[in-house]
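Colleague: let's see this in three dimensions:
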Amino acid sequence: LLEIERARGFLEAAQLKGKWIREMQSEAIALEAHHSTHIEGTRLTLDQAKRILTGKEVPGVHLDDKKELLNYKKAMGFVSHYLEKESPISEGLIREIHKILVKGVRGDSADPGNYRKVQNYVVNAINNKIIYTPPPPYEVPHLMRELVEWLNTPIAVSPIIIAGTAQFQFVHIHPFVDGNGRTARLLCTLLLYKNGYDFKRLFSLSEFYDQ
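Modeller: Residues are numbered from 1 along each chain as shown. Got it, this is the predicted structure:
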């Protein structure tokens with residue numbers, strides 16, 4: 001935590017040119033969108049992702065991969081707009097983020113924006129063995145309500161710990177049939193930004209997770 005605070009203080013004090021910041025922020029958006037969707041199985045290279053995000057045609061890519069990437073960028077824009085309103089975290093916000101992420105792609109059959117009504121599982125992609133069984137669907141509304149209430153209750157804990165705990169608890173609940181990882185990472189980013197830990201939006205958390 002001390003290292004994070006030092007880095008935050010350094011960036012806040014640094015005199016950076018506006019043009020450079022804007023260029024690096026665009027780079028960070030591309031990295032975040034690419035790596036967060038790559039974690040979930042998209043097959044785009046970083047170069048392909050950057051070209052798609054700038055509106056260029058990239059032949060030979062899977063349509064779902066392209067759409068998933070663009071959805072993630074759109075969801076990031078939605079989060080940025082939400083932050084400008086300084087509104088509290090809500091279940092509606094989380095569901096809308098999920099809806100944007102999975103609409104029209106592989107997760108579209110997972111009822112975008114709505115909590116799951118069936119039992120889901122986390123499966124090892126290599127051997128297809130179940131490695132985690134989330135809570136049953138009837139517990140999801142209650143668990144999500146508790147999570148949101150906790151997030152909106154002031155406590156004397158570092159926002160970094162709160163954001164990390166929220167991401168962990170969200171993945172534990174696995175409230176949606178699909179798209180939980182992407183939604184969790186965006187929720188974590190939202191919580192950090194909301195509490196002053198945006199680091200000028202120059203970095204991508206998902207790039208770290210995707211190593």
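Colleague: wait, what's in contact with the residue nearest the centre of the chain?
Modeller: The centroid of the chain falls nearest to residue 186 when counting by C-alpha atoms, centre = their mean (2.2 Å). Shown in contact with residue 186 (C-beta atoms under 8 Å, 6 or more residues apart in numbering): 36, 75-76, 79, 97, 101. The way it works is simple: take the backbone N, C-alpha and C, and place the C-beta from them, glycine included.
Colleague: in helices, which of the residues you listed appear?
Modeller: Taking DSSP state H as the definition of helices, the contacts of residue 186 contribute 36, 75-76, 79, 97, 101.
Colleague: now those residues as a markdown table including pLDDT and neighbour count?
Modeller: Below are these laid out as a markdown table (pLDDT from 0 to 100; neighbours: other C-beta atoms under 10 Å):
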| residue | pLDDT | neighbour count |
| --- | --- | --- |
| 36 | 95 | 28 |
| 75 | 97 | 24 |
| 76 | 96 | 22 |
| 79 | 95 | 19 |
| 97 | 98 | 23 |
| 101 | 95 | 29 |
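Colleague: can you convert those residues into a markdown table and add a column each for distance to residue 201?
Modeller: Shown next, in a markdown table, are the ones in helices among the contacts of residue 186 (distance: C-beta to C-beta, whole Å):
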| residue | distance to residue 201 |
| --- | --- |
| 36 | 15 |
| 75 | 15 |
| 76 | 10 |
| 79 | 11 |
| 97 | 17 |
| 101 | 19 |
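Colleague: closest one of those residues to residue 159?
Modeller: residue 79 (15.8 Å; C-beta to C-beta).
Colleague: measure the closest one to residue 4 for me?
Modeller: 21 Å (C-beta to C-beta, to the nearest Å).
Colleague: tell me where the chain has helices.
Modeller: According to DSSP H, the helices that the chain contains are 2-13, 18-39, 46-53, 63-85, 91-102, 140-151, 159-173, 180-194, 205-209.
Colleague: and those helices, which one's lowest on average pLDDT?
Modeller: Sorting these by mean pLDDT places helix 2-13 lowest, at a mean of 86.
Colleague: residue 104 against residue 67, yeah?
Modeller: Yes. Taking contacts as C-beta atoms under 8 Å, residue 104 lies within contact range of residue 67: 5.6 Å.
Colleague: neighbour-wise, which of the two wins?
Modeller: residue 67 (19 against 14; other C-beta atoms under 10 Å).
Colleague: ok, now which ones touch the residue nearest to the more buried one when sequence neighbours are not counted?
Modeller: Nearest residue to residue 67, sequence neighbours excluded (C-beta to C-beta, 6 or more residues apart in numbering): residue 105, at 4.8 Å. Residues near residue 105 by C-beta under 8 Å, 6+ apart: 64, 67-68, 71.
Colleague: for stretch 60-72, buried residues please.
Modeller: Within stretch 60-72, the residues that count as buried by 16 or more other C-beta atoms under 10 Å are 61, 64-72.
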